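Student: when you get a sec, could you give me coordinates for this:
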Amino acid sequence: MIPQHSHCQICGKAIKYGEIVCSEKCKAEYEKFIKRRKLYIYIMYLALFFLIIMILLQFRAA
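Tutor: Just a heads-up that it's a prediction; the model follows:
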């Protein structure tokens, strides 16, 4: 039977259950990925907010 384990989020290597990454190199890459993802989420919310404002201004002008 295969022992309970998980896989590294970056390289896919088998690691202890409950861990996210296998090495310091993968940890640095994972943190970089998370920062980039947060930035994209903030940009998406900003674009959505801008779109809603534009729609509301269109209704107000009509």
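
Student: sec struct for Leu51, please.
Tutor: Put simply, Leu51 is helix when judged by DSSP: H, G, I helix; E, B strand; the rest coil.

Student: and it, how many neighbours?
Tutor: As a burial measure, Leu51 scores 10 neighbours (other CB atoms under 10 Å). (Each C-beta comes from the backbone N, C-alpha and C, glycine too.)

Student: swap in Gln4?
Tutor: With neighbours defined by other CB under 10 Å, the count for Gln4 comes to 8.

Student: list the contacts for the closest residue in space to it that isn't next to it in sequence?
Tutor: Taking CB to CB, 6 or more residues apart in numbering, and ignoring the residues beside it in sequence, Gln4 has Tyr17 as its nearest neighbour in space, at 4.7 Å. With contacts taken as CB atoms under 8 Å, 6 or more residues apart in numbering, Tyr17 has the following neighbours: Gln4, His5, Ser6.

Student: distance of Tyr17 from Leu51?
Tutor: Separation of Tyr17 from Leu51 (CB to CB, to the nearest Å): 43 Å.

Student: now for Cys8: which residues touch it?
Tutor: Contacts for Cys8 were tallied using CB under 8 Å, 6+ apart; they are Ala14, Ile15, Ile20, Val21, Cys22, Ser23, Cys26.

Student: take those residues and keep only those in strands.
Tutor: The strands in this structure, assigned by DSSP state E, contain Ala14, Ile15 from those.
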